[in-house]
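K.L.:
below are the sequence and a predicted model; questions follow.
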Amino acid sequence: MNLLKKDTQHSQTSRHQYIIYIEVIILTFLLVSLFFLPAGGRFSFPVFSQNENASPSEAKKFIKWVDFDVTAKAMKEAFRYDVDTCQSEIHLNWVDLLAFLGAKYGGDFSKYSTKDLDNLAEQLLSGKTMEELTAKMKYYSYYRDAYGAVLDGLTGQYEIQIPAENAPLYAAPARLPDGSIDPDKVWVTKYGLKGFSPIAKGFPYNEFDDFGVSRSYGYKRQHLGHDMMGQVGTPIIAVESGYVEAIGWNQYGGWRLGIRSFDGKRYYYYAHLRKNYPYHKSLEQGSIVTAGDVIGYLGRTGYSRTENTNNINQPHLHFGLQLIFDESQKEGNNEIWVNCYELVKFLAMNRSETLKDQETKEYDRIYDMKDPAIPENFVPPEPVETVNY
């Protein structure tokens, strides 16, 4: 009897151990899966995917999700290193610097310290290479690709007009439409920030970090953009050079514009534009825009299937940025929208100055720009209808 009792107890103990073992495996699986949460979560873990529609020989890996948590302060300080060293023997690329810190912090820039950036810059300027410093950083390449997708198009060399009274001796004269010399402007070549704030210079606006908050029109969803509250008619500016991929009415965004960067990685979305006169008269599907151009006017259209309807209570620009590593991500459940709040604060240091034509009531930029990112003889791809919020 004692032997039978012991066997029974042993069997029960084994069964309990087996159940516990299974529960531990399930719990571990659930914990690991948390790292793959999208925008609603706060985890920032490198996620890659393969194009399911590609053949095995064409299959390629691409980034599936990005949490862009870089602060405006970190961007400004890294950018300053980039500009200050652009003519030095060792040129520090600001995106490289931010990617290193992203890998160091696991994407959490609440940990950002200027000392960490200064220490990194000091090591690079002393002769160490980024390859040496990141040799043991498993995810540096991920952060470089992810942050590069957001930021690479915003800096570089370009030509721009400036007031003649501020001109250096080497400046080239600007010309009027009739070919004569413009006495008020000259052309200069610069290196630095060639991306612009979405709101024109001199026009007030208010903002707060509203990415991910709930929206209920049509269906319950997250707000995948950044709202900038301002006055109806405020000129809206192209953040980066690109081409008009989408233009027209959308029941969620009202009169809206979608502008794609020339490298294909960024889709800028400008929504709730002004009733009756939402866009600059020069724009149509496929139009090329230069960073700093006036593209439209702030309003409160949207939340209606009927075109040209004002159903937004407070006038504002909904500004969104979608990252596209593979065209399969352009529409549907695989879309990547990033938080633009800190990015817009950074871009506020470069706002396009505009002037209103009193006859046409149209605004145009005062100082033109030549962006080498705009390809010659560019032919835009066939448009694809988009549904954005």
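P.N.:
Now that the structure is in, tell me what you want to look at.
K.L.:
for the stretch 101-250 of the chain, give me the ranges with low pLDDT.
P.N.:
211-212, 214-222 (pLDDT under 70).
K.L.:
need the strands for the stretch 51-200 of the chain, in chain order.
P.N.:
Under the criterion DSSP state E, counting those that start in this stretch, strands of the stretch 51-200 of the chain are mapped to 61-65, 155-163, 172-175, 181-193.
K.L.:
residue 373 contacts residue 241, doesn't it?
P.N.:
Yes. Counting by CB atoms under 8 Å, residue 373 touches residue 241, with 5.2 Å between them. For glycine as for every other residue, the C-beta is placed from the backbone atoms N, C-alpha and C.
K.L.:
which of those two has more neighbours?
P.N.:
Neighbours were counted for residue 373 and for residue 241 using other CB atoms under 10 Å; residue 241 has more, 25 against 18.
K.L.:
hmm, residue 371 and the more buried one touching each other?
P.N.:
Yes. Taking contacts as CB under 8 Å, residue 241 lies within contact range of residue 371: 4.5 Å.
K.L.:
just to revisit the earlier point, mutual contacts of residue 373 and residue 241, please.
P.N.:
Listed as contacting both residue 373 and residue 241 by CB atoms under 8 Å, 6 or more residues apart in numbering are 153, 262.
K.L.:
burial check on residue 127, number of neighbours?
P.N.:
8.
K.L.:
picking up where we left off before, common neighbours of residue 241 and residue 371, please.
P.N.:
Common neighbours of residue 241 and residue 371, using CB under 8 Å, 6+ apart, are 290, 291.
K.L.:
for stretch 165-178, buried residues please.
P.N.:
Buried residues in stretch 165-178, defined by neighbour count with 16 or more other CB atoms under 10 Å: 167, 171, 174.
K.L.:
ends of it, how far apart?
P.N.:
Terminal residues of stretch 165-178 are spaced 22 Å apart (CA to CA, to the nearest Å).
K.L.:
adding distance to residue 342, write the strands of the stretch 51-200 of the chain out as CSV.
P.N.:
Converted to CSV, the strands of the stretch 51-200 of the chain look like this (distance: least, CB to CB, whole Å):
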stretch, distance to residue 342
strand 61-65, 18
strand 155-163, 16
strand 172-175, 35
strand 181-193, 15
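K.L.:
among these, which is nearest residue 92?
P.N.:
strand 155-163 (11.9 Å; CB to CB).
K.L.:
could you check the angle that closest one makes with strand 181-193?
P.N.:
150 degrees (axes from the mean of the first three to the mean of the last three CA atoms, to 10 degrees).
K.L.:
can you list contacts of strand 155-163?
P.N.:
The contact list for strand 155-163 (CB under 8 Å, 6+ apart) reads 79, 82, 94, 171, 174, 184-195, 367-373.
K.L.:
what's the PyMOL line that selects buried ones from those?
P.N.:
Those of those that count as buried under 16+ other CB under 10 Å are selected in PyMOL with:
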select buried, resi 79+82+94+171+174+185+186+187+192+193+194+195+369+371+373
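K.L.:
OK, contacts around residue 209?
P.N.:
Applying CB under 8 Å, 6+ apart to residue 209 gives the contacts 226, 339, 341.
K.L.:
mind checking the SS state of residue 245?
P.N.:
With DSSP: H, G, I helix; E, B strand; the rest coil as the basis, residue 245 sits in strand.
K.L.:
now it: closest residue in space that isn't a chain neighbour?
P.N.:
Distance criterion CB to CB, 6 or more residues apart in numbering; nearest residue to residue 245, sequence neighbours excluded, is residue 260 at 4.3 Å.
K.L.:
do residue 268 as well
P.N.:
The nearest residue in space to residue 268 (CB to CB, 6+ apart) is residue 259, at 4.6 Å.
K.L.:
who does the one you found form a beta bridge with?
P.N.:
Beta bridges link residue 259 to residue 244, residue 268, judged by DSSP bridges.
K.L.:
which residues touch it?
P.N.:
Counting by CB under 8 Å, 6+ apart, residue 259 makes contact with 238, 240, 242, 243, 244, 245, 267, 268, 270, 289, 295.
K.L.:
closest to residue 138 among the buried residues of stretch 165-178?
P.N.:
Ranked by distance to residue 138 (CB to CB), the buried residues of stretch 165-178 are led by residue 171 at 48.0 Å.
K.L.:
now that closest one: how far from residue 194?
P.N.:
Per CB to CB, to the nearest Å, residue 171 is found 18 Å from residue 194.
K.L.:
and what of residue 367?
P.N.:
12 Å.
K.L.:
could you do residue 313 as well?
P.N.:
Per CB to CB, residue 313 is found 35 Å from residue 194.
K.L.:
and residue 377, by the same measure?
P.N.:
22 Å.
K.L.:
give me the distance between the residue nearest to residue 268 and residue 86.
P.N.:
Distance of residue 259 to residue 86, computed by CB to CB: 27 Å.
K.L.:
check residue 113 too.
P.N.:
Relative to residue 86, and taking CB to CB, residue 113 is found at 24 Å.
K.L.:
more neighbours: the two, which one.
P.N.:
Using other CB under 10 Å as the criterion, residue 113 and residue 86 rank with residue 86 on top: 16 against 11.
K.L.:
chain neighbours aside, what residue packs nearest to residue 200?
P.N.:
The shortest distance from residue 200 to any non-neighbouring residue, by CB to CB, 6+ apart, is to residue 235 (3.9 Å).
K.L.:
surely that neighbour touches residue 201?
P.N.:
No. Under the criterion of CB under 8 Å, residue 235 makes no contact with residue 201, lying 9.1 Å away.
K.L.:
where do the contact lists of these two overlap?
P.N.:
Here residue 235 and residue 201 have residue 354 as joint contacts, going by CB under 8 Å, 6+ apart.
K.L.:
the more surrounded of the two?
P.N.:
The neighbour count for residue 235 versus residue 201, taken as other CB under 10 Å, is higher for residue 235 (25 against 17).
K.L.:
am I right that residue 229 is in a helix?
P.N.:
No. Read with three-state DSSP, residue 229 is strand and lies in no helix.
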